[in-house]
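Asks: sequence first, then the predicted structure:
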Amino acid sequence: MKILVIGSGLIGVTTAYFLSCRGHSVTVVDRQEGPGRETSFANGALLHPSMPEPWNAPGCWRVLLGSLGRSDAALQLRLRVLPGLVGWGTAFLRNSTAVTFERNALSNLRLASYSLKVMHALGQQIDIQYGRVARGSLRIFRDPVALDRAVATANRRLSEGLAFRRLSGTEAVELEPALAPIESQLVGAVHYEADEIGDAYRFCVALADCARQRGVDFRFRTEITSLEVRLGRVTNVLSARERFVADRYIVAAGSYSAPLLRRAGIDLPVQPAKGYSVTIKTQQSGLSLATPLLDDQLHVAVVPLEGAIRVAGTAEFAGYNLELRAARIRNLLRLLKGVLPDASFDPASPQPWCGLRPMSVDGVPIIGFTPISNLLVNTGHGPLGWTMAAGSGQLIADHLSNHSFSIDPLPYAPSRFLSVA
């Protein structure tokens, strides 16, 4: 089949690659100058099936209300976007009951674990370098109640293959000596052994090169402006300069999938959540960190990359605004000091970044056929796009290749809330 993929971030590139492996003729279009230039560019770098929980945990409304007006809140809600969030926000809260939240977390865990297996298989098939390190991740705790709760949750997920170890504060420092300055503050940690790290942008560029060698045609600097639909099928899609015709069309444009699909009469329940990160060259910081750290109390991740560390862990509902807010960046650097107080670096050296995470209304990705018969979607991964990318691309390829599914596709099916207007 001839397939058009809209979007060349992690989700679009993995989708295109696995479709090409099934013998399809694939074209990828993107408005940027190359692959992975938006939300995939400088994310948290963690492949972490260990933390699959959606953001709409029971009681999340208190967190959101408490964030109003606070630049240091881990998850912030901007007042000006409230009118546009009413419908989506109501459904978001409706999915925050304990039963629904746990069901959705398990759906995410299954896709994330499957995706990691696909990544391992991919690494055996092709030589793809992206700074992969498989030391697990270390989630540190200052509150014993929070530690007990995290361990109880992990125990419930043992049957799903989630491997972990509970550590004392001393054991956490033995695993990661960089924690020594805050050892007295730690009540313990959880070491999630299956987690990995890697540079998502490097992966995206490298896999796009592999896909190109397989015949995938990438069209950059090409923004799709409309999808033309007739008799329940997409007949073509248009950019400012070109018309594209295919047998199947896949929208994998992250947060921008929603406004694009709206033009075809589909109301996709996805909202952008702006995530921030700061990347610091380790030559300038005097840091030596081997294991990615997640601070449960400070809601921050500190991740070692090749020659750098990346700090991530703050997000806001601010619509499609991509302004880099100085207060949010200062807050990330303050949180870094809370985890690694001996870190020193030139204040001008950190490289700030922000990107729009596509948040589905129930916190679970939306993958598969839409009510328009030849149109599919692959988006809504929220903060887990890097973790779930390979599995999601493989799942779309299964949908289009009459292939038996390696994972149950129903929890991710668009039919759970989509209809054509």
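Replies: Received it, and whenever you're ready, just let me know what you need. Not measured: the values here are computed from a predicted model.

Asks: residue ranges with poor pLDDT in the stretch 301-421 of the chain?
Replies: Applying pLDDT under 70 to the stretch 301-421 of the chain picks out residues 347-348, 418-421.

Asks: run the last query once more with 50
Replies: 420-421 (pLDDT under 50).

Asks: what are the ranges of the strands in it?
Replies: For the stretch 301-421 of the chain, the strands defined by DSSP state E, counting those that start in this stretch occupy 308-317, 351-360, 366-369, 375-379.

Asks: cool, and the stretch 51-200 of the chain?
Replies: Secondary structure of the stretch 51-200 of the chain (DSSP E, counting those that start in this stretch): strands at 75-77, 137-141, 164-167, 188-192, 196-197.

Asks: among those strands, show the one with the smallest mean pLDDT.
Replies: Among the strands of the stretch 51-200 of the chain, strand 75-77 has the lowest mean pLDDT, at a mean of 62.

Asks: what's the nearest residue to Leu293 if we skip its chain neighbours?
Replies: Leaving aside its sequence neighbours, Leu293 sits nearest to Val302 (C-beta to C-beta, 6 or more residues apart in numbering; 4.6 Å). The way it works is simple: take the backbone N, C-alpha and C, and place the C-beta from them, glycine included.

Asks: so the one you found touches Gly338, yeah?
Replies: No - using C-beta atoms under 8 Å, Val302 is not in contact with Gly338; the gap is 9.8 Å.

Asks: between these two, who's got more neighbours?
Replies: Val302 (29 against 15; other C-beta atoms under 10 Å).

Asks: any idea how far Pro177 is from the more buried one?
Replies: Val302 is 14 Å from Pro177, where distance means C-beta to C-beta, to the nearest Å.

Asks: CSV for the strands of the stretch 51-200 of the chain, including distance to Arg310?
Replies: Below are these laid out as CSV (distance: least, C-beta to C-beta, whole Å):
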stretch, distance to Arg310
strand 75-77, 19
strand 137-141, 13
strand 164-167, 23
strand 188-192, 18
strand 196-197, 9
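
Asks: out of those strands, nearest to Asn378?
Replies: Between Asn378 and those, the tightest spacing by C-beta to C-beta is seen for strand 196-197, at 21.8 Å.

Asks: and the following helix or strand past the closest one, which residues are buried?
Replies: Downstream of strand 196-197, the first helix or strand assigned by DSSP states H and E is helix 200-213. Residues 200-208, 210-212 are the ones in helix 200-213 that count as buried (16 or more other C-beta atoms under 10 Å).

Asks: kindly report the same for stretch 361-373.
Replies: Within stretch 361-373, judged by 16+ other C-beta under 10 Å, the buried ones are 361-370, 372.

Asks: mean confidence for the longest helix along the chain?
Replies: Using DSSP state H to assign secondary structure, the helix with the most residues in the chain is helix 98-125. On average, the pLDDT along helix 98-125 is 96.

Asks: and that helix, what does it pack against?
Replies: strand 46-47, helix 385-400 (3 or more C-beta pairs under 8 Å, 6 or more residues apart in numbering; DSSP states H and E).

Asks: Pro54 is nearest to which of those?
Replies: Closest to Pro54 of the helices and strands packed on helix 98-125 is helix 385-400 (C-beta to C-beta; 12.7 Å).

Asks: so how far is the closest one off the chain centroid?
Replies: 13 Å (C-alpha atoms, centre = their mean, to the nearest Å).

Asks: also stretch 211-228?
Replies: Relative to the chain's own centre, stretch 211-228 is displaced by 22 Å; criterion: C-alpha atoms, centre = their mean.

Asks: mean confidence score for it?
Replies: 96.

Asks: helices of the protein, start to end?
Replies: With DSSP H as the criterion, the chain has helices spanning 10-21, 60-67, 82-94, 98-125, 144-156, 169-175, 200-213, 257-262, 282-285, 326-339, 385-400.

Asks: could you dump those into CSV with distance to Lys274 added?
Replies: Shown next, in CSV, are the helices of the chain (distance: least, C-beta to C-beta, whole Å):
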stretch, distance to Lys274
helix 10-21, 17
helix 60-67, 13
helix 82-94, 13
helix 98-125, 21
helix 144-156, 26
helix 169-175, 31
helix 200-213, 17
helix 257-262, 15
helix 282-285, 25
helix 326-339, 9
helix 385-400, 14
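
Asks: sorry, back to before: which residues are common contacts for Val302 and Gly338?
Replies: Both Val302 and Gly338 are in contact with Asp295, where contact means C-beta atoms under 8 Å, 6 or more residues apart in numbering.

Asks: check contacts around the closest residue to Ile407 other than its chain neighbours.
Replies: Nearest residue to Ile407 in three dimensions, chain neighbours excluded: Tyr114, at 4.7 Å (C-beta to C-beta, 6+ apart). Each residue near Tyr114 by C-beta under 8 Å, 6+ apart is listed here: 391, 394, 406-407.

Asks: report the buried members of those.
Replies: For the contacts of Tyr114, a neighbour count by 16+ other C-beta under 10 Å gives the buried set as 391, 394, 407.

Asks: what are the buried residues along the longest helix of the chain?
Replies: Applying 16+ other C-beta under 10 Å to helix 98-125 flags 100-101, 104-119, 122 as buried.

Asks: still on that earlier bit, closest one to Phe41 among the helices of the chain?
Replies: The closest of those to Phe41 is helix 200-213. By C-beta to C-beta, the value is 5.1 Å.

Asks: need the distance between the two termini of stretch 128-147.
Replies: 37 Å (C-alpha to C-alpha, to the nearest Å).
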